[in-house]
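*Asks:* mind looking at a prediction? Sequence and model below.
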Amino acid sequence: MTSSPTPPPVPSGALGGRGPLRRLRARGRDEAHRTASPLELFFDLCFVVAVAQAGIELVHSVAEGHAGQGILDYAMVFFALWWAWMNFTWFASAYDNDDVLYRVVTLVQIAGVLVLAAGVSRAFADHDYLVVWLGYAIMRVALAAQWLRAARAGEGPERTTALRYAGGVLACQVGWLGLLFLPEGARPWWFLVMALLEMCVPPFAERGHSTSWHPRHIAERYGLFTIIVLGETIAAATVAVKSGIDENDALGELLPIAAGGLLIIFAAWWIYFVVPIHGHLRSNRQAFLWGYGHYLVFASAAAIGAGLEMAVEQRVGKAHISTLAASAAVTLPTALYLLTVWALHSRHFKRGITQQLVLPTTALLVICCTFLGHWAVFTAGVVCALSVAAGETLAARMAVRESGPVTRAG
């Protein structure tokens, strides 16, 4: 992907009047105090409902001994959720005029994700993607309608970009019909093809003209969704621990898992938010690669919660998997999260080989914890907590040596 020239900023507040229907004009990157709207927060919360359903089905698949197929189904469903969320987020950053029609179309997209969530169980159990496809189609057609509104209000290259987005979204949606009609063995390959085509739409559409997404707004939106996913992870793990204690009186066996899981999630939050990232988002190339990489951030963060549930169920005898498999269900997504956050965030702010090695080394040690039996999750949590402490200590020492402002590193 190549970076595109930044469009001239539209003056802040120039959204075309205050009536119930306004022209969907591009917003400016010069807007001060740009923050997530209540509608965007509502959008995120509804998306997490579907994320939670995918996590629950992943737990069931692994617990029943179908780990490979469950992970594949999870990756496919999560892609649909992540991609629809991401497309809305970037569109809203550039074009949110908050009029009545914009709100209604956004609510239609929320309805679509709830339809998709209703089809997750059938997708995992029967490999029937009809309801998932229908929910995804509702979201994508609604987004295409928003792009057509933007094209109607725009001119020249801006109009061309909007029309390319609308056409690309609709063409890909037709392509996803292959999941309904192709033989089951061909569907994973078709999914891979269609996922790559979907991710080619933004660089194709913005060739020659960049939409006016707002760096601080984008960074905030991704951060908020990360918080919501981590919150859902804590909720899922808490429910699993509570059920294990209530049904099996296994407080002693589950306490190390609960403590270790909490340390992992706390460290995950700390490491993600320890440095501001918006200053790095200076071009389409940087911002889009950063945004695409968050598929692994969000998916691994949600998978940590599913892994903690599996560890609890294995410990109380409800899941017919080995201790090693249950431990890996927590440690592997944790290591993936650490490595991805390092690649997308931390490495841009760390100075010196020692600081750069903190998170990759932590990820390796977390993987090694997999082989520690029933203490694997607790030990992984301690390693993650020590990683945060090491990062903060190194950053503080660097700041003292340079006698400058502290650049924190997690």
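*Replies:* Received, thanks.
*Asks:* packing partners of whichever helix or strand residue 161 is part of?
*Replies:* Taking DSSP states H and E as the definition, one finds residue 161 inside helix 156-175. Judged by 3 or more C-beta pairs under 8 Å, 6 or more residues apart in numbering; DSSP states H and E, helix 156-175 is in contact with helix 130-153, helix 187-205. (Glycine included, C-beta is placed from N, CA and C.)
*Asks:* go again using 10 Å as the cut-off
*Replies:* Here helix 156-175 touches helix 67-95, helix 130-153, helix 187-205, going by 3 or more C-beta pairs under 10 Å, 6 or more residues apart in numbering; DSSP states H and E.
*Asks:* any idea of the mean pLDDT in that helix?
*Replies:* Across helix 156-175, the average pLDDT comes to 94.
*Asks:* ok, now stretch 256-272?
*Replies:* What stretch 256-272 shows for mean pLDDT is 92.
*Asks:* and what of stretch 231-246?
*Replies:* Per-residue pLDDT over stretch 231-246 has a mean of 82.
*Asks:* now that stretch: how far from the chain's centre is it?
*Replies:* 21 Å (C-alpha atoms, centre = their mean, to the nearest Å).
*Asks:* what helices or strands is the helix or strand where residue 396 lies leaning on?
*Replies:* Using DSSP H and E, residue 396 falls within helix 376-402. Under the contact criterion of 3+ C-beta pairs under 10 Å, 6+ apart, helix 376-402 touches helix 251-273, helix 284-315, helix 323-344, helix 352-368.
*Asks:* and with 8 Å instead?
*Replies:* Counting by 3+ C-beta pairs under 8 Å, 6+ apart, the packing neighbours recorded for helix 376-402 are helix 251-273, helix 323-344, helix 352-368.
*Asks:* and the longest one, what does it pack against?
*Replies:* The one in question is helix 251-273. Helix 251-273 sits against helix 215-248, helix 284-315, helix 323-344, helix 376-402, with contacts defined as 3+ C-beta pairs under 8 Å, 6+ apart.
*Asks:* thinking again about what came up before, now what about the following helix or strand past the helix holding residue 161, what contacts it?
*Replies:* Next helix or strand after helix 156-175 toward the C-terminus (DSSP H and E): helix 178-181. Outside of helix 178-181, the residues within contact range by C-beta atoms under 8 Å, 6 or more residues apart in numbering are 129-130, 133, 186-187, 190-191, 194.
*Asks:* and stretch 200-208, by the same measure?
*Replies:* The contact list for stretch 200-208 (C-beta under 8 Å, 6+ apart) reads 1-2, 4, 90, 157, 160-162, 164-165, 168-169, 172, 284, 288.
*Asks:* before we move on, what about stretch 381-392?
*Replies:* Residues outside stretch 381-392 that contact it (C-beta under 8 Å, 6+ apart): 259-264, 266-268, 270-271, 274, 334, 338, 355, 358-359, 361-362, 365-366, 369, 408-410.
*Asks:* what's near enough to touch the residue nearest to residue 243 when sequence neighbours are not counted?
*Replies:* Leaving aside its sequence neighbours, residue 243 sits nearest to residue 312 (C-beta to C-beta, 6 or more residues apart in numbering; 7.8 Å). Residues near residue 312 by C-beta under 8 Å, 6+ apart: 237, 240-241, 243-244, 254, 257.
*Asks:* greatest separation within those residues: which pair is it?
*Replies:* Spanning the widest gap among the contacts of residue 312 are 243 and 257, at 12.8 Å by C-beta to C-beta.
*Asks:* more neighbours, the two?
*Replies:* residue 257 (29 against 16; other C-beta atoms under 10 Å).
*Asks:* pull out the buried positions in the helix holding residue 396.
*Replies:* 376-385, 387-388, 390-392, 394-395, 398 (16 or more other C-beta atoms under 10 Å).
*Asks:* which stretches of the stretch 201-350 of the chain have low pLDDT?
*Replies:* For the stretch 201-350 of the chain, the stretches flagged by pLDDT under 70 are 248-250, 278-280, 283, 348.
*Asks:* kindly recompute the last result at 80.
*Replies:* 243-253, 275-287, 317-319, 346-350 (pLDDT under 80).
*Asks:* same thing with the stretch 51-200 of the chain?
*Replies:* Applying pLDDT under 80 to the stretch 51-200 of the chain flags the ranges 65.
*Asks:* 50 instead?
*Replies:* Counting by pLDDT under 50, not a single residue of the stretch 51-200 of the chain qualifies.
*Asks:* wait, isn't residue 24 in contact with residue 97?
*Replies:* Yes. With contacts counted by C-beta atoms under 8 Å, residue 24 reaches residue 97, the gap being 5.6 Å.
*Asks:* which one's more surrounded, the two?
*Replies:* Set residue 24 next to residue 97 and count neighbours by other C-beta under 10 Å: residue 24 wins out with 25 against 21.
*Asks:* spatially nearest residue to the more buried one (excluding sequence neighbours)?
*Replies:* Excluding the flanking residues, the one nearest residue 24 by C-beta to C-beta, 6+ apart is residue 149, at 4.3 Å.
*Asks:* and what of residue 343?
*Replies:* Using C-beta to C-beta, 6+ apart, the closest residue to residue 343 is residue 293 (6.8 Å).
*Asks:* just to check, the one you found is in contact with residue 344?
*Replies:* Yes. Residue 293 is in contact with residue 344 according to C-beta under 8 Å; the separation is 4.8 Å.
*Asks:* so which of these two has more stuff around it?
*Replies:* Under the criterion of other C-beta under 10 Å, the comparison of residue 293 against residue 344 puts residue 344 first, with 21 against 14.
*Asks:* quick check, central residue of the chain?
*Replies:* What sits nearest the mean C-alpha location of the chain, by C-alpha atoms, centre = their mean, is residue 298, with 3.1 Å.
*Asks:* how far away is that one from residue 372?
*Replies:* Distance from residue 298 to residue 372, counting by C-beta to C-beta, to the nearest Å: 28 Å.
*Asks:* again, but for residue 319
*Replies:* Distance from residue 319 to residue 372, by C-beta to C-beta: 19 Å.
*Asks:* neighbour-wise, which of these two wins?
*Replies:* For residue 319 versus residue 372, the count of surrounding residues by other C-beta under 10 Å is larger for residue 319: 22 against 16.
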